[in-house]
Structures are given as C-alpha cells and as structure tokens.
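Participant: Predicted model and sequence below, questions to follow.
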Amino acid sequence: MRHRMKERPAPRARLGFVSVLVLWLVSTLHCLSQQPAHTVTYARTLWTVADGLPENTVQVLTESVDGSIIIGTTGGLAKTGGLRIRWHDIGLSKPLETNSVSALFPMKDSTLWIGTEGNGLIHLMNRRTHEYSVKEGLTNGFVRAVVLDSHNRLWIGTDRGLFRRNGDRVDRIDGSEAFPEMAVRSIAEDHDGRIWVGGSRLVSIESDGKVQLHPLHGIGHEDRIQVVLPAADHGVWLGMVSGLAYLRDGQLERFPAVHSIVRALLETEDGTLWAGTVGDGLWKLRRGQSTRILDAGLLPSETVLSLVCDHFKQVWIGTNAGLVRLENSPVTFIPLPEVKDRGFETISGDSAGHLWVAAQKLFEIEDGNVRPFAKGFANLNVRTIYRAHDGALWVGTEGGGVRRIADGDSRSYTAPAQLTSNSIRSFMETRGGQMWIATEDGVSVVDETGVHRLAEASGLVYSSTRSLLEAHDGTIWIGTDRGLSAWKNGQFVSNTATQSLAKERVWSILQDHQGALWFGTREHGVYRMREGSIDHFTADEGLPTNSIYKILQDRQGMFWLSGPNVIFSVTEDEMDVRSSSRVALTPLVYVNPSEGVQMYGGVEPAGYLAPDDTVWFPSNRGIAQVKPTKSRPAAWAPGVMVFQIGDDGHAISLRHKTSIPAEMLRVSFRLSAVYLRPQESLRFRYKLDGFESKWTEGRPDTVATYTNLRPGTYHLIVQIIDLSLPGSITQDSFQLDKAPFFYQTRTFYLCCALFIVVVGWLLYRLRLRQMRLRFDAVLDERARLAREMHDTVIQGCTGISALLEAAEGCAESPRTESAELLNHARELTVDTINQARQAVWAMRHGPEADVDLIDAMHDLARQTMSEHKAIQVRTDAAGSMLLPASVAHEVIMVMRESVYNAIQHSGSTEVMLTIHARRESIVLDIVDFGCGLDADLDSCIDAGHYGILGMRERLKRIGGTLELVTAPGKGTTVRAIFKPIHSLKGAILV
C-alpha cells in the first residue's frame, strides 16, 4: 500500500510551508558551493511531425494486439512498430474525416474503436469503418473515452453523456434522477468489475447496474475529473483540474505537490505512479514520495497528455510537442556547469579516485559532484589532462601548449621552442618515464635529456596525430589522421599493422589482456592485430557504427566503445568467435543514435574506465557514466510488418495474401519490424520465393523492389534476426498473386492457337490456289502454243499441201500454171516460216507497237484472194482501229481461222468481213454463204473442232466472247466481240 499525504489544518500547513522554505534555502546555498550530480535514468527517443506524426499534439496512446503503438493526435491517427510512424500503417484506406482523435480502444480481433472530436465514434475493421453518430443514438460527436469491460460491454463517454453500445446502436446511461447528466472525460474498470466514470462528476457503476455518485467537495471546475485510474489496492487515482488525488473507501486524499491539471495517469508493475500534467511536466510517485522529472532535454514539452507502458516496460509519453519513448538506461549524464558550445571534451582519472574533465575549463568530479577547478587555469583553454606517475599534472591546451604542475611549481612547454604545435591532443607516459605528447603537427617527447620532436621529416606517417600507446614489447604506436606509425628502438618501423592501416584515421589504440592490439578508426571500424595477423570488424559484422572514438576493456574482458552518437559493449569471446566464423556480433548498446546524444572524440582520452568498473565518456549532455548491466533485456521476438509502396509513395500494410494487378510492372515493399525497443540490433533478410533463391540482407525499413515479375504466385519470405538475442529468428511469409495480362492468359493462348490453325489452313488454301493458277497458266501456255501451231504452221502446211496437190494435178497442164502453183506454195512456205518465227519472237519479247486492225483485215482479204482465185473476200470497214499488237494478233488469228474454215468447209465462194465499233465494244463478223452447220458452238467444240476452240480461247484472253450463228444451207456467221483498248480513229460507230 502506498504512503499517502493527508490534508492538514491550516496552521500546520503554514508551519510546513516555512519548513519547506528553510530547507529550500539550505539546499540552494549548498548548491552554490557544490554542483550535485544530475542523474538521468532514462534513454529518450522523440518523434515529431518531421518523423511522421500527423501533428505534434499526441492526445491518446494505446498498445495494439500486434505489439505496436497506436497514436491519436489532433491531426489524425498513426501507428508505429518502434521505428517509423505512418498513418497508413493503421489500416485505413483513406484518412478519417475528422482528424482530431481523442480516444482509442484496441480489440483482441485486431479491430479498433476510435473516439473523435466532432465526428463521433468510429469502428475500424479490415480497412473499413463503421461510424456511430446521432443517427445511432449519440447526442454528441465529441467522444472522450471508449472502454470495453470484462462483460464485453462497450462504454462510450462524450461531452454530453455516457453511452453503452447495443448492437448497431448506442443507449444513453445517464440523464436520469439516479444518474444525472454529465460530461465524460475518462472511463475505467477496476479489479472488481466496477466501472468508474470521471468528468463533470465522479460516478461508479456496479456490475449489477447500481450507480453511485462520489462528491468531491471541490470548488467549481476544480472538481472536474480529467482521468480515472483504478489502483491495485482497490482505490482510485484521480487526475483533476486541481491536481492529483486518491480515493479509497470514500476518503479523498490530495497531493499538493502536483497542483496542475493532470491529464494522464499510468501505474507500472513496480508500483510507480506516473502523472502527466498540463504545463508542469511529468511526475513520479513511489513509496509516498513525489518527484518531478526535470531532466534537461528528456521531454520536448511540459504538457503531458497521454501515457502508456508497453510490454518492454518502456513508457510512451504523448505531449503537445511530440511523442517520447523512455526506457530504463544504465547511463547517467552529469552536466557540466558554465560550459556552452564546447567543441571538445576529455575525461581522465587518477589513483586518488578523482575524475578530471577538460572542456575549455577544467572540472573535478568527486563523490558524484562536479566542481570547477580554476587553480592556475583561469586563462587556459584546457583540452586534455594527465596525472603522471610522479604526481605531476600535465595540462594540454588549445593553442597554449602544455603546462606541467608539480609541488606547486608550474612549467610551460610551447611551440616552436619545445613542441611541434601548441594544440595538444594526447599524453602518454612510458614505463621509462618519457612523456609523449601528440599534437596537431607532430609528436614531442619529453625526458630527462630535454624535448625531442618527431614529424613527417623524421619518418612519422602524418603530422596530425590523435592517439598514443606503449605496447608490452616497448613499441610506441602513434595514430594519425592518415595512417599508423610504430616507433621501436629509436626508429620508425613498418609491420603488418602499419601497412594494413595506411591512410586510416586512427583515433584510439588499446592493448587487451591477451596482448592483442586494437585500433579504432574514424570511418572503417576496428582493426585487431594478434600474432602478426589482422582482423577487421565493421558494421557488416554487427558493430553499431564504423566510426570509433574510444576503445576500453574492463577487468572482465568486456570491450567498451564509443562513436559519434553511440556507446556499446562487446565481449571478448564474441570478438574471437566472429573473427573465425560468420556469426554476427551482438553488442549491447547503451546510448542509441536515436537519443540525439553527441559523443566527443579525436582528443584523448575520450573515455575512462574507473576502478569500480564504471565507464565514463564525454558527450554534449555532460559526462556519461555507464554502470554495466549483467543481463540483457527480456526476450520478446520482433514481429514482421511489410508494407506495399504504392505509386504515390504511400505504404499500405500488406496482407498475408495479396493480389498484384497485371499493369503493375514495378513492385516495392518496405520491410519493418514490430519491436518497440530501439531497433539497431535487428537485421533483416528476405527473398521472393518463385523469383529468387538467394537471401538479401538488410536493416529495419529496408525497401525491396522487384520488376518484370511474370504472372503467377510468389511468396515473400522475411526473417528478422535480433543480434541482442543470439539464435532469435522471426519469420513470416506473404503470398503475392501477380495477375496476367490478357495476352498471358490461357484464353489468349487458345485464341492464338486457333488463329495459327486458321492462318495455316488459309495459307494451305492459298498455296493450292497458287498451284492451280500455275497449272492453269501452264495449260494456257500449252493451249496458246497449240493455237499458234494450228493457226500458223498447220494452216500453212495445209495450204502448201493443197498447192502441191494442185500442182501435181496440173502436171499435164501448161508449165506456166504449174510454175505459178509452185510459186504460191513457195510464198506460202516463207509466210508460214515467218509467222512461226514471229510467234517464237513474241514468246521471248515484250509487246510490239500498236497494230491497225482495219489495215490487217484488208491485208488478210487480199492475201486470201491471191491464194484462192475462186474465193471472193470482201471487207466492210473504213478508217483506222489501233490495238495493242498482242490484242490485234489474237483478233487477226480469229479472222484468219474463220476465213480458213469458210474456205475449207462451207463450200462458199464469198466471205464477208465487217467490223462495227460500238461505244463499249468492237464487233467483228466473218460471214460465209455456204452450207452452214447443224450444231451450235458448244457442240462444235465437243466434237473436236479445235479451230473453234482456239478462237474462243483467243478471245477469252483479251476479254472477249465468240458467237456462232449458223443453220444448214444458210451459211455461217462467226462473231467476235471484244472491248476497245486504244483509239478508234475514223472507225464507224454503231
């Protein structure tokens, strides 16, 4: 049970006030003579708008079932897994209509109840929201409290009444004679199942529904309750406008120390009560003592609006200037008085147990108290200090050289008379009594014979020196800003270490208990030389930083290291295991980069190991005292949280089964951890199963990007390794279904296959058609050759044969007649040969010049009559009719065949040739007056009359037709009809 302060009568209160005033004056006078140590027992992490908060005013905090912190601000809702803050992480597909969040309650089914200022109550589930407002029964949209009790009843407190959820509606509880109307600010359930409601009044509701009013007897608005917190001893803590109070068994006890408005209350497992006030900061009550947290820089504001304790026992604080996480820390910062904007700070100790701090001025720390040491140093800009074995105090300054103080005497060493530079960085006393002094421009050595200077001309690797060490074998090691030098037996020597660390900035050197040498560098981690071999340790091997300011080793073999914004320790065994295997280092981190502490280095000593095993490092917040912890933090495996980054850059929480549209060619995922402690010890590795087989390493908030994913199902496997918990691996898997484009679906492939079949069939048909056309062309050419042979060679030979028979029949006739027949036979032979040559020439050459068809008709008539004396061939045409040679040839051959047939078969002695030129065609008639035929054109062709077939084919070639008009005893008319191609000059048009 807590010790509680009771209200006392006025006289006693006045006496108490006087006593407090006297004590305050005494303590103030004591502080003037002696600066007390200012202990800070918490490490702080701060998030503001710049870190992702919607707004800096954090009104409500709660821990969700997945171990993350949900944050309600005046600018919206957010969530953090311990590192980054995003409003998208909460699972909203869009921002809330009302930004100001005033109440939160997470459910075990991962849904969330959200109370807003002006927009009522919102139930968030699976990225969907269901709103409760006036329509559902609320009388006011300003929801200040939401609580689910042990009977699964949801209580809602607003500025105008208390409500309880009933299905999709809410029922009002107050507003009756037994339960007057009230404004609700806080609702809580105690261990007995009783509901406490605080606001404009204090009310308790039993599990059976009985309502009890608790009068507070305050003055007006001072009675208003801001927060109600049931205590473990069946009492109730009340945060009120007038301050902090405690109610038990009807008795109200106030705590005058906390007199400001109390907006937040939290009771931790150790029984400590935390109280957040408006304007008066954060208070802690433990064992009846009230303590205000006054640590400089711990809180960004004196107004604390919300408090919550996570499963790591860390306290999260919502202020009006950001979100703060406090964790117990073994680090205590002791601020230095009267020092501002210092650019360096060193710390050293002596055998008397004194700690000396140089930070422009010289300070001494004794029994936890800091006091200026001004004796003889008033005008010196002190940079570093060293207590020699003979008791002399060596003081290094910035620009003033070195001062040695012993037995009340003081001696100065300055440049250029004794030193290489007046800016001193380090002292080192050898076992032989030499004092080595590292400066910004070389090294000076002071011994009994005088002062000796070492510079680049003497073989020093670089003039800007930082660190010094005498090894067990007597070698003097000198760390510079561009490499490492080794001095042995009066000269500089080269070895494995100097070669391996060439051009490295060596700021710290240590020889451990086993004799190995350690070199801390400014950019590339730690080097170790052991038995002539070099090992290298960097952030890739697990170090929190690659920039090392100081290396120390305590009596247990623990290595202590500092960097620009970190203090950590690593065991000697871990370093040995890491150098012989791929096991990552698991350092204990005492000061994290997220805390904003700046350490000092580059001027020695940048750290000190005290005889009581406490470790001291200089920082911008004062001297950091680390009391080593013997155990690691409680094990709590981190959770995997993966966010899909959209085209707009926003990250949306990834479900365990997610579909990716086909048009998304580039997919990015942000890999985060739900781990509320600092995440510097976490390492990620991931792979997309189905796309890659090798793991990819990363740190918290790594972005994994994949492009050109083929359609299909993939599994994103993510593992988190906690270096602070060896063997701890957390794994989760997320299924990704990449949708195909239409051209990647089976339907498309079937359509393509069908298309290929159809095209193949069409190509096959086209090929057949081409083959048929080629075959037809061959047949046409054979037919043409047959026509040419029939119309030229055969007819000529037939004529020749007829003439020779006639000549033979005239053997007894006069010689002149026989000679005339032979002469005609000779001419016909020549003409036949010429026609055959012309036909052959036509097959090898292109078209000739145009031919006048009418002239050709007259020539045919004359030739026929000269060959057949008894035949009269008349023509009926005038003018000219120019046709292409090939067309004219076909027409002439038709005329010739018709005339030949009339002479040979009709028995007529007269043949009439006429040409009629119409507007769209030319009509050629060959008429005989002979015996005629008793069959039509097709019958003649079927009967094997190849002359008629040839004429028909010839006209077809030029787009014409052949008609045959005949009857027995009435002669025959062969009519050829074809289209005009060239001009018909003077031709008779009908």
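Facilitator: Thanks, I have it. Numbers count the residues shown, from 1 in each chain.
Participant: How is the chain partitioned into domains?
Facilitator: The record assigns the chain these domain ranges, following automatic domain parsing: 40-330, 334-625, 639-744, 849-990.
Participant: Now these in a markdown table, please, with extra columns for mean pLDDT.
Facilitator: Below are the domains of the chain laid out as a markdown table (pLDDT from 0 to 100):
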| stretch | mean pLDDT |
| --- | --- |
| domain 40-330 | 89 |
| domain 334-625 | 89 |
| domain 639-744 | 84 |
| domain 849-990 | 81 |
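Participant: Tell me which of these approaches Leu762 most closely.
Facilitator: The closest of the domains of the chain to Leu762 is domain 639-744. By CB to CB, the value is 22.3 Å. The way it works is simple: take the backbone N, C-alpha and C, and place the C-beta from them, glycine included.
Participant: just how off-centre is the closest one within its chain?
Facilitator: 10 Å (CA atoms, centre = their mean, to the nearest Å).
Participant: First-to-last residue distance for that domain?
Facilitator: Domain 639-744 has an end-to-end distance of 37 Å (criterion: CA to CA, to the nearest Å).
Participant: just how off-centre is stretch 412-429 within its chain?
Facilitator: 54 Å.
Participant: could you say what helices and strands whichever helix in the chain runs longest packs with?
Facilitator: Of all the segments of type helix in the chain, defined by DSSP state H, the longest one is helix 746-788. Applying 3 or more CB pairs under 8 Å, 6 or more residues apart in numbering; DSSP states H and E, one finds that helix 746-788 makes contact with helix 946-957.
Participant: Name the residues of the helix it packs on that are buried.
Facilitator: Neighbour counts over helix 946-957 (16 or more other CB atoms under 10 Å) mark Gly947, Ile948, Leu949, Gly950, Met951, Arg952, Glu953, Arg954, Leu955, Arg957 as buried.
Participant: again with stretch 559-576
Facilitator: 559-563, 565-572, 574-575.
Participant: out of the residues you listed, which are inside helices?
Facilitator: Per DSSP H, the buried residues of stretch 559-576 map to helices at Glu572, Glu574, Met575.
Participant: of all those residues, which comes closest to Asp350?
Facilitator: Asp350 lies nearest to Glu572 out of these, by CB to CB, at 26.9 Å.
Participant: any idea how far Gly960 is from that closest one?
Facilitator: Counting by CB to CB, to the nearest Å, the separation of Glu572 from Gly960 is 114 Å.
Participant: for Asn140, same thing?
Facilitator: Distance from Asn140 to Gly960, by CB to CB: 103 Å.
Participant: which one of these two has more residues nearby?
Facilitator: Gly960 (22 against 19; other CB atoms under 10 Å).
Participant: Go ahead and confirm that one touches Ile977.
Facilitator: Yes: at 5.7 Å, Gly960 counts as touching Ile977 under the criterion of CB atoms under 8 Å.
Participant: Show me the helices in the stretch 501-650 of the chain, by range?
Facilitator: 572-580 (DSSP state H, counting those that start in this stretch).
Participant: re earlier: export the domains of the chain to JSON lines and tack on distance to Leu804?
Facilitator: Below are those laid out as JSON lines (distance: least, CB to CB, whole Å):
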{"stretch": "domain 40-330", "distance to Leu804": "111"}
{"stretch": "domain 334-625", "distance to Leu804": "116"}
{"stretch": "domain 639-744", "distance to Leu804": "81"}
{"stretch": "domain 849-990", "distance to Leu804": "13"}
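Participant: Gly81 and Arg670 touch, don't they?
Facilitator: No: counting by CB under 8 Å, Gly81 stays clear of Arg670, with 11.0 Å between them.
Participant: those strands in the stretch 701-850 of the chain, which residues are they?
Facilitator: 702-707, 712-722, 729-738 (DSSP state E, counting those that start in this stretch).
Participant: list the helices and strands the first one packs on?
Facilitator: Applying 3+ CB pairs under 8 Å, 6+ apart, one finds that strand 702-707 makes contact with strand 666-674, strand 682-689.
Participant: angle of the last one against strand 729-738?
Facilitator: Put plainly, it is strand 682-689. Counting by axes from the mean of the first three to the mean of the last three CA atoms, to 10 degrees, strand 682-689 lies at 30 degrees to strand 729-738.
Participant: Beyond strand 682-689, next helix or strand please.
Facilitator: Counting by DSSP states H and E, the element after strand 682-689 in chain order, helix or strand, is strand 696-698.
Participant: tell me which residues in that next one are buried?
Facilitator: Gly698.
Participant: strands paired with it, and their directions?
Facilitator: Partner strands and pairing direction for strand 696-698 (DSSP bridges) are strand 682-689 (antiparallel).
Participant: got a list of contacts for the strand it pairs with?
Facilitator: 584, 638, 671, 673, 675, 693-700, 702, 704, 706, 714-723, 736 (CB atoms under 8 Å, 6 or more residues apart in numbering).
Participant: any idea how far Ile114 lies from Thr832?
Facilitator: 114 Å.
Participant: These two - which one has more neighbours?
Facilitator: Ile114 (27 against 19).
Participant: After the host helix or strand of that one, which helix or strand is next?
Facilitator: Taking DSSP H and E as the criterion, the element that holds Ile114 is strand 112-116. Sequence-wise, the next helix or strand downstream of strand 112-116 (DSSP H and E) is strand 121-125.
Participant: who are the neighbours in contact with Arg466?
Facilitator: Arg466 touches Arg425, Ser426, Ala438, Gly479, Thr480, Asp481, Arg505, Val506, Trp507, Gly602, Val603, Glu604, counting by CB under 8 Å, 6+ apart.
Participant: brain fart, Ala406
Facilitator: Asp390, Gly391, Ala392, Leu393.
Participant: ok, 7 Å please
Facilitator: Listed by CB atoms under 7 Å, 6 or more residues apart in numbering, the contact set of Ala406 reads Gly391, Ala392.
Participant: what pairs with it across the strands?
Facilitator: Ala406 forms beta bridges with Asp409, as assigned by DSSP bridges.
Participant: gap between it and Asn422?
Facilitator: Applying CB to CB to Ala406 and Asn422 gives a distance of 21 Å.
Participant: Surely Gly141 touches Ser133?
Facilitator: Yes: Gly141 is within contact range of Ser133, at 6.2 Å (criterion: CB atoms under 7 Å).
Participant: Pick out whichever of those two has more residues nearby.
Facilitator: Taking other CB under 10 Å, Gly141 and Ser133 do not tie; Gly141 has more neighbours (20 against 17).
Participant: so who does that one touch?
Facilitator: Gly118, Asn119, Gly120, Ser133.
Participant: and Lys657, how far is that from Leu305?
Facilitator: 39 Å.
Participant: Who has more neighbours out of these two?
Facilitator: The residue with more neighbours, out of Lys657 and Leu305, is Leu305; 23 against 10, by other CB under 10 Å.
Participant: In the buried residues of stretch 559-576, find the pair that's most separated.
Facilitator: Largest separation among the buried residues of stretch 559-576 by CB to CB: Asn565 and Glu572, giving 24.7 Å.
Participant: Ala856 contacts Ala888, doesn't it?
Facilitator: Yes: between Ala856 and Ala888 there is a contact under CB under 7 Å: 6.3 Å.
Participant: circling back to that earlier point, just send the ones in helices among the buried residues of stretch 559-576 back as TSV, with distance to Ser242 too.
Facilitator: Formatted as TSV, those follow (distance: CB to CB, whole Å):
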residue	distance to Ser242
Glu572	58
Glu574	55
Met575	58
